[in-house]
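Chemist: dropping a prediction and its sequence here:
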Amino acid sequence: MMNTGSYQFQLGDFECVSLSDGSLDYPLENFFANVPMEQVKEALRQRDLPTDYITTPYTYLYADTGQHRVLVDMGAGNLGPRTGQLLANMQSAGIDPGTVDAVLITHAHPDHIGGALDDAGRPVYANAQYYIWQEEWDFWFSEEAFDKTPEMFVTVARKNLEPIRDRVSLVDHESEVLPGVGVIPAPGHTPGHVVVSLSSDGEQLLYIGDTVLYPLHLEHPEWTPIYDILPEQAADSKRRIFDRAAEEKSLVIGQHFPPFPSLGYVVKSGEGWQWQPVERGSSRAGT
C-alpha cells in the first residue's frame with residue numbers, strides 16, 4: 001500500500017528509514033501542465049494507472065549516522081485528508097522526534113514543512129538544528145514570493161519557518177553540512193531548492209525533493225508541472241542531478257515517486273532517464 005508507514009534500509013554504516021506521511025491525489029494538469037492530456041492518459045494507461053488523477057506518496061528520510069540523527073523534510077501536516085501520518089510512523093519505527101538533532105529542508109513548500117510545528121505552534125523537532133538554502137529562506141520572507149507562488153504557500157512557509165528562525169543554519173554553497181550529509185543546489189522548483197546527499201562507506205543516496213515530481217518526468221524531461229517557479233532553472237537542475245545519479249549509480253528517494261518507499265535507481269535512457277524502483281525486501285536496500 002502506498003501509505004504503509006516505514007521501510008528500513010542500510011546505506012554503508014548509516015541506518016536509514018523511509019517514512020510515509022500518507023499520500024495525495026493531484027489533477028493530471030498540475031503535474032503535466034504543458035502536455036496534451038490524452039498523451040498523459042495514454043502513458044498512464046500503458047502502466048495500468050488511473051487516468052483521472054495522479055496519486056503520489058509523501059515520503060521522507062530519516063538517517064542515524066552514528067554521530068547524528070537526521071530528518072530530511074518534515075511532512076505535510078494537515079495538508080490533505082490522508083496526510084499527517086509522519087509522527088505516528090516515526091514512533092512505530094522506534095524513532096523519537098526528540099532525538100532528531102538535524103533537519104534538512106529541501107524547500108519550503110507545504111508538503112515539506114507542513115509538519116514542522118505541533119498543535120500549539122511549537123517546533124516538533126525541539127532539539128534539532130535546521131539547514132536550508134539561504135536563497136530559499138530569503139525568498140519565502142520576500143514580497144516577491146506573493147508574485148511567484150500561491151498566497152497559501154507563502155503563509156504556510158512563514159508560519160512554519162518563523163518559529164525555528166533561531167535554530168536555522170543558512171547554506172549558500174554545495175557542501176557537507178554534517179559528516180556524510182550534504183546539500184546540492186537544485187534550484188527551479190523553488191529558488192533555493194536543494195537535493196540532500198548521504199554518503200557512507202562508498203555508498204551514496206540522493207533525496208531529490210521535488211527536482212522532479214513523478215517518474216514520467218524522468219522519461220519525458222520536457223513535461224513540466226505547474227509548481228516549478230523557475231522552469232528553465234528546474235530543467236537545468238533536473239539534467240544535472242539525474243545525470244549525476246545515473247553516472248554514480250546512487251540510490252535515490254523520489255519524494256513523490258510511487259510506490260512507497262519511493263526508493264530506487266535512475267538509469268540514462270535516450271534524452272531522459274528510467275526509474276528502477278527497489279523491491280521491498282531487496283538485500284541491496286532493505287531489511
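Modeler: Nice, thanks for sending it over.

Chemist: which stretches of the chain form helices?
Modeler: Taking DSSP state H as the test, the helices found in the chain are 28-31, 37-46, 86-92, 110-113, 134-140, 144-148, 151-161, 215-219, 231-248.

Chemist: now, of those, which is deepest in the fold?
Modeler: helix 110-113 (a mean of 25; mean count of other Cβ atoms under 10 Å). In this view, the C-beta of every residue, glycine as well, is placed from N, C-alpha and C.

Chemist: show residues contacting that one.
Modeler: Contact with helix 110-113 is made by 21, 24, 58, 73-77, 79, 83, 105-106, 152-153, 156-157, 160-161, 209-210, 255, as judged by Cβ atoms under 8 Å, 6 or more residues apart in numbering.

Chemist: hang on, the earlier thing: want to throw the helices of the chain into TSV with distance to Phe14 and mean pLDDT?
Modeler: Shown next, in TSV, are those (distance: least, Cβ to Cβ, whole Å; pLDDT from 0 to 100):
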stretch	distance to Phe14	mean pLDDT
helix 28-31	31	97
helix 37-46	35	97
helix 86-92	17	97
helix 110-113	21	98
helix 134-140	25	98
helix 144-148	35	97
helix 151-161	27	98
helix 215-219	25	97
helix 231-248	17	98
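
Chemist: looking at those helices, which is closest to Ala63?
Modeler: Of all these, helix 86-92 sits nearest to Ala63, with 12.7 Å by Cβ to Cβ.

Chemist: flag every buried residue along stretch 177-197.
Modeler: Neighbour-count burial for stretch 177-197, counted by 16 or more other Cβ atoms under 10 Å, picks out 177-178, 180-197.

Chemist: what about those residues, which are in strands?
Modeler: Judged by DSSP state E, those include 177-178, 181-185, 194-197 as members of strands.

Chemist: contact partners for Ser269?
Modeler: Glu219.
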